[in-house]
Every structure is written in C-alpha cells, then in structure tokens.
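In: For reference, the sequence and a predicted model appear below.
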Amino acid sequence: MTEPTPNSGRAQGDPTPEQRHPRPDSAHPSSHSGHQPPPEPGTHPGTGTTATATLTAPPPPPAPDPDGTTSITPTTRQIWTRTRGIALALVFLLVAAVVIAVVRSGEQHGALDPRSADQRGSRAVAELLADRGVHTRVVTTTAEARAAADPDTTLLVAVPDRLTPHQQSQLRSATADSGGRTVLVAPGSAAVQRLAPGVTADPEPAADEPLAPGCALPEARRAGPANTGGHRYDTTLAGTDSCYRSYGSATLLRLPATTGDGDTVVLGAPDILLNDSLDKQGNASLALQLLGSRPHVVWYLPSLSDEAAAGDTQNDRGFIDLIPSGWLWGTLQLFIAAALAALWRARRLGPLVQERLPVAIRASETVEGRARLYRKANARDRAATALRISTRTKLAPLIGVPVSQAHSPETFLPALARQLPTPDRDPHTLLFGPPPATDAALIALADHLDALEREVRNS
C-alpha cells in the first residue's frame with residue numbers, strides 16, 4: 001500500500017498549510033510592499049490552473065528585399081495619400097480656369113463683328129442696314145481697307161487702337177481725300193491723333209449714362225439721347241460738330257474733310273453698334289444714320305495676321321521695351337520688402353549659452369539609434385566609413401602615427417604593418433576598402449576591425 005501523503009485527506013481546492021501560513025523565507029520579495037507577483041502567462045490568479053486562451057498571431061514582418069534589407073520606398077497608395085490634396089487642388093484650379101475662359105470667350109466672341117449675333121456683336125445693325133439697301137462688307141487687312149476708301153463708301157474702323165502707328169498713318173493717307181466717310185470707334189489718345197489730326201482724347205472717361213445731343217448735327221438731333229459715353233474728345237478745328245458732351249467734352253465728333261464731301265466721325269464708345277444695346281435710347285437711329293449715308297459700308301476688323309502689322313518696325317522691340325515703364329520701381333519695392341521680411345524672420349544672433357540637457361541619454365542608446373537610422377536608410381557605406389575611421393583613430397596613437405595622418409594609407413599602413421605579428425599581412429582592404437554589399441558583410445567588417453584593434457593592443 002502506498003502511504004498517504006500529508007495532503008491526501010484534504011478536499012480538492014482546499015489550501016495547504018504552506019498556503020495558509022507562508023514561510024517568511026519563501027515569500028516573494030514583492031510581498032513586503034503589499035504587491036502580489038504577476039501570474040504566470042496562461043494561468044488564472046490564485047488557482048494555479050492553466051487557462052486556454054486564443055491569441056491573435058502578430059502580423060508578419062515586411063518582406064525583405066533580395067539583398068536582405070527592408071524596403072522603405074513608399075508604395076503607390078502612400079504616394080497618392082500624401083499628394084491627393086495637392087492633386088485635387090490643381091485639378092480644381094484647372095477646371096475653374098477652363099470654365100472662366102469658356103465663359104469669358106463666349107462673352108467676347110465676335111466683338112463688333114457684323115457677322116456675330118452675340119451680345120457684343122453687331123449683326124443687328126448690319127441687318128438693319130441691309131433692309132435699307134446698304135451693303136456691308138468685312139475686311140481684315142489695311143490694304144483692303146485702303147482700297148475700299150471711295151466717295152460711295154463708309155469705312156468703319158472697329159478697333160483703331162489695335163493698329164500699329166504705320167497702319168494708322170497709311171489708313172489716314174488713304175481716307176483723308178477719298179470723299180467718303182470714316183467712322184472711328186472709341187480710338188485712344190495715340191490712335192486719334194494719327195487718324196484724326198487736331199483731336200485729343202481726354203484721359204477721364206465720360207459719364208456712364210445716356211447723353212443728349214447738344215449740337216446741330218442732323219443725325220444726332222433726329223436720334224436724340226444715345227449711349228455714346230466712353231472716351232471724351234476735344235478739338236479746335238473749324239466746322240466741327242461736337243455732340244453728346246460729358247463734363248464739357250464731346251463723345252461724338254464729326255470732322256469735315258479739308259477738300260471734297262468726305263468727313264470723319266469719332267465715336268467715344270461702341271455701344272450704339274452692339275446687339276445688346278442697339279434698342280436702347282436713340283442708339284439704333286444714330287447708328288443707321290451715321291453708317292447709312294453711303295450705299296456701301298466696309299467694316300474693318302484689324303487682324304494680328306495682317307502683313308502690314310507684321311512688317312511694322314515698331315514690332316521689332318525687345319523684351320525690355322515691352323515691360324511697363326514702372327517696372328524698375330516695382331522691382332525696387334519687391335527687393336525692399338524681401339529684405340525687410342528677411343530681417344524680420346532671421347534668427348537673432350547672440351552669445352553662445354551653455355544649457356544642460358533636459359534628459360541624460362546613454363551612449364549605447366545613441367549608438368543604437370544611429371545604427372537604426374543607417375539601417376533604415378540602407379546606408380551601409382556610411383556605417384562602414386564610420387567604423388573604419390573610428391578604428392584608424394584608435395590605432396594611430398598605438399602605432400606612433402599622428403591622428404591627423406591616420407586616414408592617409410601611405411602613412412598609416414606601413415606603421416601598422418610593423419606592429420602586426422605577421423608583417424606580410426595587407427590590411428588595406430580592411431581599413432580602406434570598398435563598402436560592404438550586404439548587412440552580413442557589414443557585421444563581418446565590424447568583427448574584423450575589433451579583432452585588428454585587439455591584436456595591435458596585445459602586440
């Protein structure tokens with residue numbers, strides 16, 4: 001028979017005498033502070049029985065590259081996550097620019113073009129002229145406009161400011177004694193001086209409201225108030241009709257020719273010719289009377305492809321000539337602003353102040369952190385260079401070489417060879433060789449350098 005054990009008569013789960021009264025020498029050190037030791041993994045506290053738990057396996061580490069290092073190149077998804085905000089902003093700006101360009105181009109398409117039915121076009125006045133037997137023809141070159149100047153033609157210059165000075169002079173010489181009518185639509189200061197000598201443009205614009213005729217010109221008196229406000233003109237020529245005055249200056253001038261029955265009409269604004277304002281005030285009446293005095297209307301729309309404009313010597317100006325005259329002052333202001341911003345944001349220099357580090361970091365942690373950075377950047381070459389420089393610096397005093405010459409193979413290697421037990425050994429590859437290709441080779445290099453240092457110290 002087996003002898004009963006001391007605990008054989010104890011019911012299962014009752015504590016043993018040792019558990020009721022633990023001995024002082026067997027107590028856990030943590031019991032003196034009132035803390036229970038943590039239970040062993042996989043057991044229930046106080047029972048000692050093993051518990052079955054389902055643990056989730058940790059995610060597998062990232063797959064290493066073929067050379068044994070972990071790739072840190074960002075994936076396509078990461079690149080998209082970082083740059084999607086900038087990309088969406090650029091797309092939004094591009095779409096907005098296209099929409100604005102389309103809207104504005106729709107508004108400005110065919111401006112003052114008698115073939116255009118847009119708001120800024122002039123098809124309505126051309127149709128009304130056609131109903132009255134006046135034929136309208138569009139030309140786009142200075143040569144065609146000059147050839148069309150005759151007593152039976154009204155030549156309308158839609159945008160005089162678009163003409164070069166050479167074109168303006170040519171057009172003036174062709175229309176001065178042609179016997180026909182020339183209508184200049186809103187010419188600027190330089191253009192009106194060449195196309196209508198003796199007339200000057202006032203820099204202040206006219207009032208934006210319908211103006212009364214205020215002159216004896218029959219066409220203006222029959223039309224009544226009209227929207228001619230825009231540029232204002234002054235002249236001292238005799239026999240001139242100055243109509244639709246604003247702030248004392250005329251917005252419509254009729255200048256009779258010095259010889260013949262021809263004349264020149266200067267309009268301050270194109271409103272009386274536009275589709276969207278033709279039915280306002282007396283605009284239609286005034287436009288039809290000014291353009292319908294001859295059986296033919298030649299509508300000159302200046303084009304940038306005109307050979308007369310392309311061959312003008314004024315177009316041979318350089319880049320500096322095209323910059324506005326105030327660019328020098330603007331550049332100086334930008335330079336001053338940049339200098340003030342640099343002074344404002346620059347670091348304030350002062351004496352060096354020695355400060356204590358808030359946390360003391362052990363050297364081993366610094367070395368380990370730097371090693372991890374080298375590994376993350378896959379910088380085995382930099383790590384190997386640092387190891388070799390450190391080894392050569394430590395060995396230089398042992399072999400009688402100045403530290404400043406420890407990194408010169410011609411000086412360092414002969415002195416090192418004299419200290420080695422085997423003089424025929426060549427440590428050039430170990431101390432000055434190429435960087436290792438793998439992490440294993442880098443570890444082997446570190447081991448060989450340590451062995452070399454111990455060998456020199458013990459020799």
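Out: Looks like it arrived, so ask away.

In: Pass me the low-pLDDT residue ranges in this structure, would you?
Out: Low-confidence segments of the chain (pLDDT under 70): 1-72, 104-109, 310-318, 348-349, 423.

In: rerun at 50
Out: By pLDDT under 50, the weakly predicted segments of the chain are 1-59, 61-64, 66-70, 107.

In: and the longest helix for it?
Out: Criterion DSSP state H: the longest helix present in the chain is helix 76-108.

In: From the contact counts, what lies against that one?
Out: Identification of packing neighbours for helix 76-108 by 3 or more Cβ pairs under 8 Å, 6 or more residues apart in numbering; DSSP states H and E yields no helix or strand. C-betas here are computed from N, CA, C, even on glycine.

In: buried set for it?
Out: Counting neighbours by 16 or more other Cβ atoms under 10 Å, one finds that helix 76-108 has no buried residues.

In: Grab the CA positions of the helix or strand following that helix and hand them over as CSV.
Out: For helix 76-108, the following helix or strand on the C-terminal side (DSSP states H and E) is helix 123-131. C-alpha atoms of helix 123-131 as CSV (Å, rounded to 0.1, in the frame of the first residue of the first chain):
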residue,chain,number,x,y,z
ARG,A,123,-25.1,91.7,-86.7
ALA,A,124,-28.3,93.5,-85.8
VAL,A,125,-27.2,96.9,-87.2
ALA,A,126,-25.8,95.1,-90.3
GLU,A,127,-29.2,93.5,-90.9
LEU,A,128,-31.0,96.9,-90.5
LEU,A,129,-28.6,98.5,-93.0
ALA,A,130,-29.3,95.7,-95.4
ASP,A,131,-33.0,96.3,-95.1
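
In: How far off centre is the following helix or strand past helix 123-131?
Out: Beyond helix 123-131 on the C-terminal side, the first helix or strand identified by DSSP H and E is strand 135-139. Centroid separation for strand 135-139 versus its chain: 46 Å, with Cα atoms, centre = their mean, to the nearest Å.

In: what's in contact with strand 135-139?
Out: In this structure, residues lying in contact with strand 135-139 by Cβ atoms under 8 Å, 6 or more residues apart in numbering are 113-115, 126, 129-130, 145, 148, 295-301.

In: What separation is there between the residue most central in space within the chain and Thr76?
Out: The residue lying closest to the centre of the chain (Cα atoms, centre = their mean) is Leu90, at 8.9 Å. The gap separating Leu90 from Thr76 is 19 Å, by Cβ to Cβ, to the nearest Å.

In: Also Ala124?
Out: For Ala124, the distance to Thr76 - Cβ to Cβ - is 58 Å.

In: And for Val401?
Out: Taken as Cβ to Cβ, the span from Val401 to Thr76 is 53 Å.

In: so what strands line up beside the helix or strand Thr200 falls within?
Out: Element membership of Thr200 [criterion: DSSP H and E] is strand 199-202. Under the criterion DSSP bridges, strand 199-202 sits next to strand 232-235 (antiparallel) in its sheet.
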